[in-house]
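S.K.: pasted the sequence and its predicted model underneath.
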Amino acid sequence: SETSEPAETSTSSPVVSEPETVEAESVDGVACDSEPLVLTTAGGIDYVRTPDSCFADLPDWPYEAQYLEIDGLRQGYVDEGPADGEVVLLLHGQPSWSYLYRDMIPVLADAGYRVIAMDHLGMGRSDKPTELESYSYLGHNDRLEAFIDELALTDINLFVQDWGSLIGLNVAGTNPELFATIAVGDGNLVPVPDGVELFPPVENPDEVVDIESPFTAIPAQQVPFYDGCELLLGPDEGYFGEWMTYAMTAESFEASEVVEAMTWYDLTPAEEAAYDAPFPGREYMAGPRSFPSLANQLGGNTAEGWAGLTTYENPFLTLWAANDPGQLGSCEAQQRLIDNVPGAEGQPHDRLAEASHFLQDDQGTEIATRLVDWYATLDPTGRETATGDETAAGDERVGYELLERMDDGT
């Protein structure tokens with residue numbers, strides 16, 4: 001669930017409707033285990049919508065879902081904290097959804113930030129096209145750009161992980177003026193040459209196969225995979241291609257098994273059920289099934305974003321899990337960003353103990369607290385706060401006054 005079919009090109013801007021006004025077929029009162037109702041957009045895309053009842057009484061998730069419509073498909077998100085607060089945008093990966101940020105949202109909102117956690121197409125509360133061809137790497141990028149534009153988000157403090165990084169960092173690299181700061185946890189952006197497929201494509205992607213889960217050997221309480229930066233236990237070389245096949249075709253593939261295996265701490269049964277809530281049947285799972293194979297669409301579509309990151313001078317922070325055995329968890333992956341993004345220089349980078357790939361689940365409160373402390377050292381435009389008469393070269397400091405952040409976040 002970390003990084004890279006032929007690349008698609010974007011030919012038109014997504015069509016976006018007004019937020020919170022979507023009046024498509026309601027799923028209010030529909031039982032979670034009801035037969036899926038297949039709907040069709042005006043553009044001919046078949047999709048299903050997870051019944052609201054599937055999301056009832058999730059632990060530590062009191063947040064009301066918000067929606068806007070992009071290209072006839074509903075995009076779900078939560079929007080918490082003061083409406084006029086500085087924006088923190090949280091992007092999840094695969095096969096999770098915004099529930100992954102349940103421990104971070106209250107810390108950030110209580111500190112006075114407007115916290116927006118978006119569900120990618122096919123995940124969480126967002127609509128779920130039923131055909132694998134409806135999902136593309138560029139399509140996810142286009143939807144994120146449309147989402148940001150529709151909500152008129154500027155001076156964004158971005159936090160990304162896993163596929164949220166491959167999408168979010170690419171959008172940030174091509175639109176750096178929108179982002180005041182960027183923080184990454186176990187993520188990456190790879191400048192793949194045009195025409196290159198990183199892995200063999202999955203054969204017969206629509207078949208359902210009985211494949212043994214690669215996660216059964218990982219105990220609920222993880223064992224140490226690392227000694228510092230030395231990998232003690234990890235997947236075999238070429239594991240990501242096997243993961244593509246498993247996610248795409250395995251009958252046993254469930255979101256909860258992946259998140260449970262790739263967290264340091266054991267999830268409760270209720271938390272596991274929350275990760276499975278968006279997907280009451282296989283008809284709803286084309287999104288998480290397709291994500292790993294989108295790695296083969298990176299070719300020719302990430303070079304511009306990577307180039308933008310290598311000139312990004314606003315603050316850039318990496319907070320890594322110390323026990324993520326996949327490629328994204330390595331010290332090398334973290335150091336590559338630190339070495340190549342100018343804004344990473346001098347920032348309080350760290351690797352967090354007792355945290356695995358889904359580090360937001362293991363150390364969400366700690367990560368959010370560190371972000372709040374980090375933001376407090378920056379001025380509202382994202383540049384590091386100067387002291388006395390010191391200013392960045394070429395900057396003119398006019399009309400500043402000192403403010404004190406109170407304990408209640410004001």
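M.R.: That came in fine, so what should we check first? Residues are numbered from 1 along each chain as shown.

S.K.: okay, the residue nearest to the spatial centre of the chain and Gln360: tell me how far apart.
M.R.: For the chain, His92 is the residue whose C-alpha lies nearest the centre (C-alpha atoms, centre = their mean; 2.2 Å). His92 sits 8 Å away from Gln360, taking C-beta to C-beta, to the nearest Å as the criterion. In short, each C-beta sits where N, CA and C put it, glycine included.

S.K.: joint contacts of the two?
M.R.: Jointly contacting His92 and Gln360 under the rule C-beta atoms under 8 Å, 6 or more residues apart in numbering are Leu100, Tyr101, Gln161.

S.K.: burial measure for the second one, as a count.
M.R.: The number of residues packed near Tyr101 is 28, by other C-beta atoms under 10 Å.

S.K.: how about it, phi and psi?
M.R.: Backbone torsions of Tyr101, given as degrees, to the nearest 10, read phi -100, psi 20.

S.K.: check what pLDDT it gets.
M.R.: pLDDT, Tyr101: 98.

S.K.: who's in contact with it?
M.R.: By C-beta under 8 Å, 6+ apart, the contact set of Tyr101 is Leu90, His92, Ala117, Gln360, Gly364.

S.K.: so Pro278: helix, strand or coil?
M.R.: coil (DSSP: H, G, I helix; E, B strand; the rest coil).

S.K.: neighbours around it, how many?
M.R.: Residues lying near Pro278 (other C-beta under 10 Å) number 27.

S.K.: and Ala220, by the same measure?
M.R.: That count, for Ala220 with other C-beta under 10 Å as the rule, works out to 10.

S.K.: how near is Asp127 to Pro201?
M.R.: Per C-beta to C-beta, Asp127 is found 26 Å from Pro201.

S.K.: compare those two (neighbour count), which wins?
M.R.: Under the neighbour definition other C-beta under 10 Å, Asp127 and Pro201 were set side by side, and Asp127 has more, 27 against 14.

S.K.: re earlier: out of the contacts of Tyr101, which is nearest to Trp61?
M.R.: Closest to Trp61 out of these is Ala117 (10.8 Å), distances taken as C-beta to C-beta.

S.K.: mind listing what the strand or helix carrying the closest one pairs with, with the direction of each?
M.R.: According to DSSP states H and E, Ala117 maps onto strand 114-118. Under the criterion DSSP bridges, strand 114-118 sits next to strand 73-80 (antiparallel), strand 87-91 (parallel) in its sheet.

S.K.: so how far is it off the chain centroid?
M.R.: The chain centroid and the centroid of strand 114-118 are separated by 11 Å under C-alpha atoms, centre = their mean, to the nearest Å.
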